[in-house]
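**Q** Output the structure for:
(chains A and B)
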There are 2 protein chains.
Amino acid sequence: MRIAVIGVGLIGGSIALAARERVGAEIVGHDPDPEAIAIACDRGVLDRAAASLAGALEGADVAVIAAPVGRLAELAPRVLAAAPVGCVVTDVGSTKRQIAGLLDDPRFIGGHPLAGAETAGVVHARSDLFDGATWYLTPAQHTDGILYERLHRLIGALGAHPVAIEPDAHDAVMAAVSHLPHILANVLVAEAAAVLTSQGERLPATGPSFRDATRVAGANSAIWTDIYLANREALLARIDAVSARLAEVRTLLAAGDGVEIGAWNDRAGADRRALVDAQLAGGALTELRVPVPNRPGVVAGLTLELSRAGVNLADLALYPAPDMSEGVVALWVTGAEAADRTEATLRALDFTVYRP
Amino acid sequence: MRIAVIGVGLIGGSIALAARERVGAEIVGHDPDPEAIAIACDRGVLDRAAASLAGALEGADVAVIAAPVGRLAELAPRVLAAAPVGCVVTDVGSTKRQIAGLLDDPRFIGGHPLAGAETAGVVHARSDLFDGATWYLTPAQHTDGILYERLHRLIGALGAHPVAIEPDAHDAVMAAVSHLPHILANVLVAEAAAVLTSQGERLPATGPSFRDATRVAGANSAIWTDIYLANREALLARIDAVSARLAEVRTLLAAGDGVEIGAWNDRAGADRRALVDAQLAGGALTELRVPVPNRPGVVAGLTLELSRAGVNLADLALYPAPDMSEGVVALWVTGAEAADRTEATLRALDFTVYRP
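**A** Residues are numbered from 1 along each chain as shown, chains lettered A, B, ... in the order given. Next up is the predicted model:
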């Protein structure tokens, strides 16, 4: 199988590495940035580089456009024009509606692997980047079935789980669980900064919960501006919906209706448990909280003892006191049995354990 | 010094324990719940319990009302009526404007320790709960100076940092950095649940960033309903401000103005760094990210090695891949030197380290 990788960055490079290692594919890469190509060749990411799109696509069975979202509208038609008749063409963009609406070629299937936002550049490419990741695909009525099967199998072989979805549904879901949280985090820090400034506060007024709520604020502007714009319609709908929800809460608050506010808050708790549970493989997460002195070795010792007890932590967060003198470690483990074992192990070590 | 603790829960009990241990104070407790009193006596939290408010306040130098926010308006005037002439009376509520507006007694000074939300009940009371915590006080024009000094010194002796603030400023700051984030988290999970349901999704669509952004969604309804209502005016102002900010982003998005969106996103990043940096004792935090296989022992080993190298972690978070096969550990350390040492230690162990 010959695969053309158009855009050799973190995602394109990782697809290339995984496909070489796991499928034995021949990878031809093309990238406008000569440095990316040099690094890719150096690291053995590509079998060879092509100076032109046409050169990269010659004889390709699969073409992956791993370019920024903002470049897809211009690039995808050119790739389709140069790709062979029997070549399946896909992309890896974070939004799918725009590109799907632009193309009606039976060879094109939109794609979006949920992987790899931590770093950028082919220098960080890894063959295991997609292991266990959901990889959305947006086949359409006109999609060629044989080409869809080829792409689906390839993605499975790269270690990911291909999941077919309508472009509209994809973008609505991503708007709600990813793009909107980024927008709200930005709004929240802007508002907090304005209030603290106006109140002349330079106090330790923000705590771990504020830090968590705003962790994604101001994420890479180049990437996120493209995503916001490409998913504009779904995001506008989510912003309108959130504004309407805020107006509802405002009404409850202004009326001082404690019963309704409590019920609203309870529903949010139930929604969150349902969402977070649904998201996790291998059963529901249990959260355990352990107060600890915040000195070198405490978290290490605690996690090491849990390892010895065979407990694997799905997630872990340390919430320090303002002066860092102590803190609470929150641990998430999968399944009731693991939670009980974790609690017993920690109690045997004289830790106090809460289940919030 | 005799201290009356009215309401013997987590906060009241911890004040009692700290004051007994560190100031040698005599603690008289009063609580409508006989079980709380029984546990408190059992654990040595109180010198004695009083069956009535008057009994608890007899001869008291300090009275601390550690009752839920929703009960303060009714309780505080009764405490002031029963308290001796020379007794300073304070509370520990999360909002300050309402109670300050209600009372003009020179003996009353509103208070709010930023500590102890993880658990509830006197069974979890600890003498070190306030170590390093900010403890807001709201003295007024009519406040008795000698009583203010007494309370200020006591709070310092309990291990906390007393900080004087206007009630309005306190509630505005808390609305922005604590209450509003809770509201937005609730709104976010409600919106995501609605979208995922409408799209028929039961997919692993939410990731660690969604989990972080909504960690406080649906927090204890009894406590939070009181807080929302008591800080209603400041919260309404913040909701209005956030709605206006959302409307601004909406306009930029609808206009497709990438330059302005990028600038808006950049400002959010700068605001967040300023807020999170200002919040932390001992200099700016540096974040380091380390990809790791997600198996028992990896996080333990990594943190243990850092402990051996003398690195103390201010915060730590593990972001697992969807199938838990691998993850990225985010570490926060205080100061540039510690960051360099952390990076060198991890690189020597063949970990890859990024600074995002």
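**Q** check which helix or strand covers whichever residue of the stretch 251-356 of chain A sits closest to chain B.
**A** With CB to the nearest CB as the measure, residue A:269 is the residue of the stretch 251-356 of chain A nearest to chain B, at 2.2 Å. Bear in mind the C-beta positions are built from the backbone N, C-alpha and C, glycine included. Here residue A:269 sits within helix A:258-279, counting by DSSP states H and E.
**Q** got it, and residue A:219?
**A** Counting by DSSP H and E, residue A:219 is found in no helix or strand.
**Q** just checking, it touches residue A:179?
**A** No: with contacts counted by CB atoms under 8 Å, residue A:219 stays clear of residue A:179, the gap being 10.6 Å.
**Q** got the CA positions of the helix holding residue A:269 in CSV?
**A** Extracted C-alpha coordinates of helix A:258-279, given in CSV (Å, rounded to 0.1, in the frame of the first residue of the first chain):
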residue,chain,number,x,y,z
GLY,A,258,-33.6,28.2,46.3
VAL,A,259,-35.6,25.1,45.5
GLU,A,260,-35.2,25.6,41.8
ILE,A,261,-31.6,26.5,42.1
GLY,A,262,-30.9,23.4,44.1
ALA,A,263,-32.7,21.3,41.5
TRP,A,264,-30.7,22.9,38.7
ASN,A,265,-27.5,22.2,40.6
ASP,A,266,-28.5,18.6,41.2
ARG,A,267,-29.2,18.1,37.5
ALA,A,268,-25.7,19.4,36.7
GLY,A,269,-24.2,16.9,39.0
ALA,A,270,-26.1,14.1,37.4
ASP,A,271,-25.3,15.3,33.9
ARG,A,272,-21.6,15.4,34.7
ARG,A,273,-21.5,11.9,36.2
ALA,A,274,-23.3,10.6,33.1
LEU,A,275,-21.0,12.4,30.7
VAL,A,276,-17.7,11.5,32.5
ASP,A,277,-18.8,7.9,33.1
ALA,A,278,-19.9,7.4,29.5
GLN,A,279,-16.5,8.7,28.3
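**Q** what are the ranges of the helices in the stretch 201-350 of chain A?
**A** A:208-213, A:221-230, A:232-255, A:258-279, A:298-308, A:336-348 (DSSP state H, counting those that start in this stretch).
**Q** most packed of those?
**A** Ranked by mean neighbour count, those are led by helix A:208-213 with a mean of 22 (mean count of other CB atoms under 10 Å in any protein chain shown).
**Q** returning to that earlier point: dump the helices of the stretch 201-350 of chain A into JSON lines; add mean pLDDT as well.
**A** Listed next are the helices of the stretch 201-350 of chain A as JSON lines, based on pLDDT from 0 to 100:
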{"stretch": "helix A:208-213", "mean pLDDT": "76"}
{"stretch": "helix A:221-230", "mean pLDDT": "88"}
{"stretch": "helix A:232-255", "mean pLDDT": "94"}
{"stretch": "helix A:258-279", "mean pLDDT": "84"}
{"stretch": "helix A:298-308", "mean pLDDT": "71"}
{"stretch": "helix A:336-348", "mean pLDDT": "88"}
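**Q** May I see those helices organised as JSON lines, with distance to residue A:31 added?
**A** Output for the helices of the stretch 201-350 of chain A, formatted as JSON lines (distance: least, CB to CB, whole Å):
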{"stretch": "helix A:208-213", "distance to residue A:31": "37"}
{"stretch": "helix A:221-230", "distance to residue A:31": "16"}
{"stretch": "helix A:232-255", "distance to residue A:31": "27"}
{"stretch": "helix A:258-279", "distance to residue A:31": "34"}
{"stretch": "helix A:298-308", "distance to residue A:31": "41"}
{"stretch": "helix A:336-348", "distance to residue A:31": "44"}
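**Q** quick one: which of those helices is nearest residue B:168?
**A** The minimum distance between residue B:168 and these falls on helix A:232-255, with 17.7 Å, by CB to CB.
**Q** Just want the angle from the closest one to helix A:258-279.
**A** 150 degrees (axes from the mean of the first three to the mean of the last three CA atoms, to 10 degrees).
**Q** can you tell me if helix A:232-255 touches chain B.
**A** Yes: residues of helix A:232-255 contacting chain B under CB under 8 Å from any CB of the partner chain: A:232, A:235-236, A:238-243, A:245-247, A:249-250, A:253-254.
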